[in-house]
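# Fold the following.
(3 chains)
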Amino acid sequence: MSARKKAKDIFSSPIASATAILIAILWTIPTFGLLVSSFRPQIDINHSGWWMFFTKPNVTLENYASVLFEGSTTNPPLAQFFVNSFAVTIPAVVFPITLALFAAYALAWFEFKGKDTIFFIIFGLQIVPIQLTLIPLLQLFSKGLVLGGVTIIPNLHITGTFLPIWIAHTIFGLPLAVFLLHNFLSQIPRELIEAARVDGAGWFTLFTKIILPLSVPAIASFSIFQFLWVWNDLLVGLTFGGGVKEVAPMTVRIAEMVGTRGSGWELLTAGAFVSMIVPLIVFFSLQRFFVRGLLAGSVKG
Amino acid sequence: MKSTKGRVFAVAATAAVAALVFAGCAPAATDGTTVNCDDYSKYKGHEGTEVEVYTTIIDPEAALFKQSFADFEKCTGITINWNGTQEFEAQIPVRVEGGTAPDLAIFPQPGLLAKFAGKGLVEASADVTASVDANYSADWKNYGTVDGKFYAAPLGANVKSFVWYSPKVFKDNGYTVPTTWDELITLSDKIAADGKIQPWCVGFGSGEATGWVGTDWMEDIMLRTASPETYDAWVTHKIKFNDPAVAKAIAQAGSIIKNPKYVGDVKSIATTTFQAAGAGVVDGTCAMHRQASFLGGILASDNGAKIVDPTDTTTENGISVFYFPGASADNKPALGGGEFVGAFSDRPEVQAVQLYLTTPEWNNKKAKLGGWFSANKGLDEANVADPVNKVAVQILKNATTFRFDGSDTMPAAVGAGSFWKEMTAWVAENKSDKAVLDAIEKSWPKK
Amino acid sequence: MTESYLAFGKTPWDTIGPNLLQLVLGLVAFAAIVYICFLLASRASVKAQDWLKYLIFLVPASLLLLIGLVYPTIRTLIMAFMDSDSQQFVGFDNFAWAFTMPEILTVLRNTAIWVLLVPLFATALGLAIAYMTDRMKRAAVVTSLIFMPMAISFVGAGVIWKFVYDYQPNKFKPDIGLLSAITKALGMTPPNWLLEAPVNTLLLIVVMIWIQTGFAMVVLGAAMKNVPDEVVEAAMLDGAKPWARFIRITLPMIRSTIVVVLTTTMIGTLKVFDIVRTMTGGNFSTSVIANEMYSQSFRAMDYGHGSALAIILFVGCLPIIAYNIRQLRLERTER
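Residues are numbered from 1 along each chain as shown, chains lettered A, B, ... in the order given. Here you go, the predicted model:
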């Protein structure tokens, strides 16, 4: 560590640092503009640029109060969608990562014919656009699956609950998760696995005793990734929520507020910022794990 | 009425009516106790059922709808779940194909409706059909009919052949309301020559529905430069989209929209929202803005406009409408639009709601709440309160010719696709009339 | 006003309560199923475990992928050769349509521009920032700020950039858009940013680069930290200048990570649709294939056209996937 620190001092170049800081500022300006706007009264937002805030600072919390807690006849307040976003996201992170870890384990360590083919197909499935799957998956959820007159999956009557959203997110998250976790798991030293097998550990014990503890960093990093993606998703929540507001996540509501009319901007800015807070907290508090997991997952030194 | 138009329509109620909504909540509850449920006896027998209504109509107008159903819900025991969303158009095919169709859907355009005939949409019951026959003209019933089968009952209506202006600005500058197309052009020239304000404000911008304003202009002018029969032939593709009659209409539309002396920067029409363009009439940027009756509500709530009678030439920020003139003063064709309620379920409670919405009782009840009217014959004009909608109802009744918004009845690929896109390109890229019409003609579905 | 919300006669709590219950039930049920499966399987005989391991580890994910992704893909492939209602077989008509309509050709061209520029710039910028901050003090602040857009939804990004690109045609009204204001402050006339092709497409691409750079930076930065200090120091002692060090040592050592970043960004870019949809609605020659596919399928309700575009998108992705699979194969044989 001290060697690294020394290297740091030697390598650090003021010009490079200044450039990096400049880019960081440039990158933050648009978001900063939104933050400032969200605290401005309606009249100011519509009639002057957000930078004018600094010449005439007018701060209000009204935007946040009204967007979060005031509902209407057709729309509950944003606070309810906020809760929904959690109810959508947490299982939609846990499910795919569990199943992907299982599959990655099988593909990395079981010996069977065609495992490479299966792995490459799963990898390739990343490119399937979600839009293609909307109608077939909805039909599955609302009618079940009938092939040639034989009911394979009955109608489960789950439309309008969170279940279709969870399942859909699980499906869409699997290919990348299997790919990354497989890369990680296949780097576990073969000796470790074989030693455990010789000691008489079955495939299930092996998984719980060795694979699971070792994969924690990779699981953590992918969890963050999946969390960001599910929390920010619009299309899946919109479509698989069955069109009802009770289970719709926050993005669905924000998208609806977009572009409604000129006077909506003050609510929209506040709403958009509320929707960003959770992913920002998640990222800032967990970014150490994020980097560590990626380090192990996709990097081959 | 595309999604944005629907959305906007919803907003239209705000102005004068917003107060009513919130004030109205309280009396509705007390009123409820005195409601005479005998009026609803024919809808009896559905206690404890729920009906989902899927629609583009959101708040604040949705609140008025909820209010208009309150007694019905109380007396019949049917709960109406009003599910308003701006994603209606993109989501309705997904929901229908995916097997999660709503019970009732309020279609903002008949063209969309046609796509679902035989694909889950249920034919109207005998009761609904009889009620529509009794309460609406054959024209209106026809828009809800596909291949000879009647599916969807008319709901609200609006009139589009309006020019918004400020009576005070006109008075102050000595301008008079034109009654013929030639007078309209003369006036535009005069305003341009005076150089005090811009004659016209035009904005096509409307999110992903950008361009629909242009289609409305085309349709309105088509009704003035061609016969109603030609208009019908155009909408149903019996004549080609690049027919000389259509070319004449787009050229005439271009004489205003593409004239920099009238509208300023032509290109930026494509990125200016129609609301922002309309606001120009209120803040004195421009003299005239052609838009449907619903615009008033938006300008009132967002821009502090006051909707006044044309004779009121003193009110600051007062705006009003005049009729978008035809070739001569007695040629008064009108362009309008409306919504249609189709059912995806034949459950009795669903049919009961669909039926109730066609009755004069409900239509009057709804109109009384303000900012809304319909083509229901039983609608009492006295119940339509604001000055602009009053004019609209009269136009609806007295027009020499009434035609439905053409793009709304064309196939979706054109009416909600190439027609919008090409009208946008017409201003944004200065695409020629011919290139625009040829492109739309090419995009018309083959069968 | 708070009490004005009583949709369907419910208060928000009437919904929040059951929703939280669903959340807890879902998680508990899932955990219980997994636990019971493991419990039973680990007590089974060795012979039974031999097939149980496939059933429990591999089958659930495979089944979901089969139903959720493989089947819809095959279905789309068939629909691409049928008419708008999927009633009649029309051969290659839909593809002929896609490759002859000038609008669709523009869409294909735009998509190509996106796929070239976004991965290139996002990766290059990410690489540069990662390198610049690799040995920097308090780099975490800088990298966090640059990563931030990654945590923002496309919907939110649309709102954010509206305040950058907004154009005010009326000279007498104040600007809301930052870019216009800066241009005017510099004494120039701002163009109508999102209207003029091809500048508008480039401006939309900027938004995507803004989002993706943070991802590239974090992943590549992680890879750089893996480059052993001794190697770098040895190069320094040899008198290698920073640039030469970067080219000769850092770059080759993180090559496979760069491929992963490029691939992921490329696939993400090919599927981009929200940015275009919220910012221009696909107008003014800015549409891309994923947006057009959605419009054709669910707006114009022409499933034939929509499916054909999906297949084109798919085929466009294949080379990227094929290249990656080849790389993976190579790495395997090396191991």
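# So which residues on chain C come close to chain B?
Neighbours of chain B within chain C, by Cβ under 8 Å from any Cβ of the partner chain: C:1, C:4, C:7-9, C:83-84, C:101-103, C:167, C:169-170, C:172, C:192, C:194-195, C:197, C:277, C:281-285, C:294-295, C:297-302. Any C-beta I mention is one placed from the backbone N, CA and C, and that applies to glycine too.
# In chain A, what residue comes closest to chain B?
Among the residues of chain A, residue A:138 lies nearest to chain B; the distance is 2.5 Å by Cβ to the nearest Cβ.
# hang on, the earlier thing: drop anything exposed from the residues of chain C next to chain B.
Neighbour counting over those (16 or more other Cβ atoms under 10 Å in any protein chain shown) leaves C:7-8, C:83-84, C:101, C:103, C:167, C:169-170, C:192, C:194-195, C:277, C:281-285, C:294-295, C:297-302 as the buried ones.
# Among the residues you listed, name the ones in strands.
In strands, judged by DSSP state E, none of those are found.
# Let's see which of those end up in helices.
Of these, the ones assigned to helices by DSSP state H are C:103, C:277, C:294.
# and the nearest residue to the last one once chain neighbours are set aside, how many neighbours?
What that stands for is residue C:294. In space, and not counting its chain neighbours, residue C:294 is closest to residue A:131: 5.4 Å by Cβ to Cβ, 6 or more residues apart in numbering or on different chains. Residues lying near residue A:131 (other Cβ atoms under 10 Å in any protein chain shown) number 24.
# Can you tell me the closest non-neighbouring residue to the spatially most central residue of chain C?
Nearest to the geometric centre of chain C sits residue C:268, at 2.7 Å (Cα atoms, centre = their mean). Spatial nearest neighbour of residue C:268, chain neighbours left out: residue C:212 (7.0 Å); criterion: Cβ to Cβ, 6+ apart.
# Please identify the helix or strand for the residue nearest to residue C:294.
helix A:130-143 (DSSP states H and E).
# Mind checking what helix or strand follows that helix in sequence?
strand A:145-147.
# Give the partner strands of that next one in its sheet and their orientations.
strand A:150-153 (antiparallel) (DSSP bridges).
# What helices and strands are in contact with the next helix or strand after the partner strand?
For strand A:150-153, the following helix or strand on the C-terminal side (DSSP H and E) is helix A:163-185. Here helix A:163-185 touches helix A:78-109, helix A:115-124, helix A:130-143, helix A:216-232, helix A:235-240, helix A:265-298, helix C:59-65, going by 3 or more Cβ pairs under 8 Å, 6 or more residues apart in numbering or on different chains; DSSP states H and E.
# pull the helix or strand with minimum mean pLDDT from chain A.
helix A:2-11 (a mean of 47; mean pLDDT, DSSP states H and E).
# Show me what the helix or strand that that one is followed by is in contact with.
Beyond helix A:2-11 in the direction of the C-terminus, DSSP H and E gives the next helix or strand as helix A:14-38. For helix A:14-38, contacts defined as Cβ atoms under 8 Å, 6 or more residues apart in numbering or on different chains pick out A:45, A:50-51, A:53, A:63-64, A:265-266, A:269-270, A:272-273, A:276, C:125, C:129, C:131-133, C:136-137, C:139, C:141-143, C:145-146, C:148-149, C:152, C:156, C:159-161, C:163-164, C:178, C:210, C:213-214.
# Tell me who's in contact with residue C:293.
Neighbours of residue C:293 in contact, by Cβ under 8 Å, 6+ apart: A:129, A:131, C:306, C:309-310, C:313.
# Over to residue C:152?
Residue C:152 makes contacts with A:31, A:232, A:276, A:279, C:160, C:211, as judged by Cβ under 8 Å, 6+ apart.
# mind listing what the fifth one touches?
Contacts were defined as Cβ under 8 Å, 6+ apart; by that measure residue C:160 touches A:30-31, A:33-34, A:272, C:152.
# who wins for neighbours among the residues you listed?
Neighbour max across those (other Cβ under 10 Å) = residue A:272, 28 neighbours.
# Report the buried residues of the helix or strand hosting residue C:208.
Using DSSP H and E, residue C:208 falls within helix C:199-225. By 16+ other Cβ under 10 Å, the buried positions in helix C:199-225 come out as C:200-201, C:203-225.
# Residue numbers of the stretch 251-400 of chain B in contact with chain C?
Counting by Cβ under 8 Å from any Cβ, the residues of the stretch 251-400 of chain B that sit close to chain C are B:264-265, B:267-268, B:270-272, B:280, B:285.
# repeat that for 6 Å
Counting by Cβ under 6 Å from any Cβ of the partner chain, the stretch 251-400 of chain B comes close to chain C at B:265, B:268, B:270-271.
# Tell me how far the residue located most distally from the centre of chain C lies from residue A:202.
The outermost residue of chain C relative to its centre, with distances by Cα atoms, centre = their mean, is residue C:45 at 45.2 Å. Distance, residue C:45 to residue A:202, using Cβ to Cβ, to the nearest Å: 10 Å.
# can you pull the contacts of whichever residue of chain B sits closest to chain A?
Here the residue of chain B nearest chain A is residue B:98; by Cβ to the nearest Cβ that distance is 2.5 Å. By Cβ atoms under 6 Å, 6 or more residues apart in numbering or on different chains, the residues touching residue B:98 are A:135, A:138-139, A:142.
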